[in-house]
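Asks: just coords:
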């Protein structure tokens, strides 16, 4: 890849980002501007920001690479995301969230929960969970972007990691939510153009749509024996029902992310930035198109790149990438695409990483500055923006350290873990606040604690993918998982933790209501 051309392309992109961040800074005059952009954002900008925040390098690099393993079956994730993450999130959850946030003058997701129930403890606990878990997700996005730079430009991973972190932090601290939304709109547009070009070039290189899909279907005979034994039946076929491959695909990658999108704090706060319900309705088609093109295109290319690697290198994609799915998309771009496209996709990955990272750091910072510190009664709301900026820096430092320590091939699975934890911890409480007036403070707080606790227990002692590498269960009980009978080692924690949290919320709230009636 031509060095000067890359520097010029990236330089122009960063200049545009700097200009938009400065515009956000100039228009940020209050805590409301910094936290929720003054609640006056155009619906198109909000929808682009929502999509760009959701689709990060974890979506393009991580899930694109995993699609090279699982094939077309992973596209069911897009169907679920459209139904739950766009239609349900915007129309059902989003409108009620916006109205309640305006009524309570809530400017963060934990503050929405806490003020509705009159409980600083709920706000503080939710803020603490976000502050502790968000750096893990941020680290995954950093890894995805840094791996692409490392592969395509032969730059040291640590250098790429540091560059990403410093650039994003600068404009989050300066521009606040307005700077994030403005830059997200630009970054989302870049992502749409680049992924459409990537899909088109992929089909052209492989002989057209029909020929490419026929070739991918015929590769079924090349499925490695280890994967076939787990239920893999080819890249255009569904996994064998009930096998470990099926459970991982549907319970973790599809259901975990598809349901977990409803409880993402960095996405929920987007609903608080618009001025009307009508604005949210207008954002639905924009969000749907964005998600279909960018996320769907990345998964499609991930599956189809197997045809390229077999034709040109005699291997399937995961073999060409040395067993690391996080390297498949960067490797495919660098080997299969023309140099000019490498420049464009470099900017695309920067955009994908920076749009998500900025929102992650912003919501983690506000969780520390406004929710956790605010709930403790230190500093008060007047200094929340100041403490939030300090929280951004703290989250960044922890994220960079985690990114340097995470193992290879962790991006997609780690994203599913984070989404599952958020769903189990927040979704029952969030749903109750919006739709169930009989929910009690004790019930909501117990539900969040149950969702978090059961999720962590399942990851450490029940779910094979995490329990075996962690080794805690083997240390204590002499086996990788407490329950070894199929299919339990492959059942994702969300299928256990989310119902448990919902049941605790209902049960404790119900007992509290009956007690009040009895007295």
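Replies: Great, that's in hand. What you see is a predicted model; the values in this text were computed from it and never measured.
Asks: Who are the packing partners of the helix or strand harbouring residue 79?
Replies: Residue 79 belongs to helix 76-80 when assigned by DSSP states H and E. With contacts taken as 3 or more Cβ pairs under 8 Å, 6 or more residues apart in numbering; DSSP states H and E, helix 76-80 sits against helix 255-260, helix 277-313. Bear in mind the C-beta positions are built from the backbone N, C-alpha and C, glycine included.
Asks: Contacts for the first one next, please.
Replies: The reference is to helix 255-260. Identification of contacts with helix 255-260 by Cβ atoms under 8 Å, 6 or more residues apart in numbering yields 77, 80-81, 84-85, 415-420, 422-423, 427, 492, 494-495, 498.
Asks: quick revisit: what lies in contact with the helix holding residue 79?
Replies: By Cβ under 8 Å, 6+ apart, the residues outside helix 76-80 that reach it are 63, 250, 253-255, 257-259, 291-292, 295-296, 299.
Asks: among those, who's most crowded?
Replies: Within those, most neighbours by other Cβ atoms under 10 Å means residue 63, with 29 neighbours.
Asks: Could you list the buried residues of the helix holding residue 79?
Replies: Neighbour counts using 16 or more other Cβ atoms under 10 Å place 76-78, 80 of helix 76-80 among the buried residues.
Asks: Make JSON lines out of the residues you listed and add distance to residue 458 and pLDDT.
Replies: Shown next, in JSON lines, are those (distance: Cβ to Cβ, whole Å; pLDDT from 0 to 100):
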{"residue": "76", "distance to residue 458": "23", "pLDDT": "95"}
{"residue": "77", "distance to residue 458": "21", "pLDDT": "94"}
{"residue": "78", "distance to residue 458": "26", "pLDDT": "93"}
{"residue": "80", "distance to residue 458": "21", "pLDDT": "93"}
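Asks: and which of these is nearest to residue 13?
Replies: residue 78 (27.1 Å; Cβ to Cβ).
Asks: model confidence over the host helix or strand of residue 111, on average?
Replies: When elements are assigned from DSSP H and E, residue 111 belongs to helix 109-117. Confidence for helix 109-117, expressed as mean pLDDT, is 94.
Asks: contacts for that helix?
Replies: 97, 100-101, 104-106, 119-127, 130, 265, 268-269, 272, 363, 367, 370-371, 374-375, 426, 429-430, 433, 439-441, 444.
Asks: Are any of those buried, and if so which?
Replies: Buried by 16+ other Cβ under 10 Å: 97, 100-101, 106, 119-120, 122-127, 130, 265, 268-269, 272, 363, 367, 370-371, 374-375, 426, 429-430, 433, 439-441, 444, out of the contacts of helix 109-117.
Asks: coming back round to it: which one of the helices and strands packed on helix 76-80 lies closest to residue 320?
Replies: When those are compared by Cβ to Cβ, helix 277-313 sits nearest residue 320, at 4.5 Å.
Asks: buried ones in the closest one?
Replies: If you call a residue buried by 16+ other Cβ under 10 Å, then helix 277-313 has these buried ones: 279-280, 282-284, 286-288, 290-310.
Asks: on that earlier part again, nearest to residue 450, of the helices and strands packed on helix 76-80?
Replies: Of the helices and strands packed on helix 76-80, the one closest to residue 450 (Cβ to Cβ) turns out to be helix 255-260, at 16.6 Å.
Asks: How far off centre is stretch 61-72?
Replies: Distance of stretch 61-72 from the chain centroid (Cα atoms, centre = their mean, to the nearest Å) equals 15 Å.
Asks: Also stretch 363-371?
Replies: The answer for stretch 363-371 is 18 Å, by Cα atoms, centre = their mean.
Asks: What of stretch 303-322?
Replies: The chain centroid and the centroid of stretch 303-322 are separated by 27 Å under Cα atoms, centre = their mean.
Asks: what's the answer for stretch 193-211, then?
Replies: On the basis of Cα atoms, centre = their mean, stretch 193-211 sits 26 Å off its chain's mean C-alpha point.
Asks: And for stretch 286-297?
Replies: Distance, centroid of stretch 286-297 to centroid of chain: 15 Å (Cα atoms, centre = their mean).
Asks: quick one, helices of the stretch 351-500 of the chain?
Replies: Ranges of helices within the stretch 351-500 of the chain are 373-376, 384-405, 411-435, 441-461, 464-470, 472-477, 494-518, based on DSSP state H, counting those that start in this stretch.
Asks: and if you look at the stretch 101-250 of the chain?
Replies: Assigned by DSSP H, counting those that start in this stretch, the stretch 101-250 of the chain shows helices spanning 109-117, 120-153, 157-205, 209-218, 225-230, 244-247.
Asks: can you list those helices in TSV and add distance to residue 411?
Replies: Converted to TSV, the helices of the stretch 101-250 of the chain look like this (distance: least, Cβ to Cβ, whole Å):
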stretch	distance to residue 411
helix 109-117	24
helix 120-153	5
helix 157-205	14
helix 209-218	23
helix 225-230	19
helix 244-247	19
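Asks: rank these by mean pLDDT and give me the bottom one.
Replies: Within those, the stretch with the lowest mean pLDDT is helix 157-205, showing a mean of 76.
Asks: domains of this structure?
Replies: Following automatic domain parsing, one finds the domains of the chain at 42-418, 436-519.
Asks: Looking at the ones you listed, spot the one closest to residue 12.
Replies: Checking these against residue 12 by Cβ to Cβ gives domain 42-418 as the closest, at 8.5 Å.
Asks: Could you tell me the end-to-end distance of that closest one?
Replies: Taking Cα to Cα, to the nearest Å, domain 42-418 runs 29 Å from one end to the other.
Asks: same deal with stretch 60-77?
Replies: 13 Å.
Asks: With stretch 268-279 instead?
Replies: The first residue of stretch 268-279 is 15 Å away from its last residue (Cα to Cα).
Asks: tell me the mean pLDDT for that stretch?
Replies: On average, the pLDDT along stretch 268-279 is 85.
Asks: what's that stretch in contact with?
Replies: 35-37, 39-43, 46, 49-50, 53, 90, 93-95, 97-99, 101, 106-109, 112, 177, 181, 280, 283, 363, 430.
Asks: which residues touch the spatially closest residue to residue 308 that is not a sequence neighbour?
Replies: In this structure, residue 308 finds its nearest non-sequential neighbour in residue 336, 5.1 Å apart by Cβ to Cβ, 6 or more residues apart in numbering. Counting by Cβ under 8 Å, 6+ apart, residue 336 touches 201-202, 205, 305, 308, 312.
Asks: Now with 10 Å, please.
Replies: Residues counted as contacts of residue 336 (Cβ atoms under 10 Å, 6 or more residues apart in numbering) are 198, 201-202, 205-206, 301, 305, 308-309, 311-312.
Asks: With residue 240 instead?
Replies: For residue 240, the contact set (Cβ under 10 Å, 6+ apart) comprises 228, 230-233, 246.
Asks: Nearest to residue 477 among these?
Replies: Of all those, residue 477 sits closest to residue 230, with 24.2 Å by Cβ to Cβ.
Asks: What does the pLDDT read for the residue lying closest to residue 73 once chain neighbours are set aside?
Replies: The spatially closest residue to residue 73, leaving aside those adjacent along the chain, is residue 238, at 5.2 Å (Cβ to Cβ, 6+ apart). Model confidence at residue 238, given as pLDDT, is 95.
Asks: what does the one 3 residues further on give?
Replies: Residue 241 carries a pLDDT score of 95 in this model.
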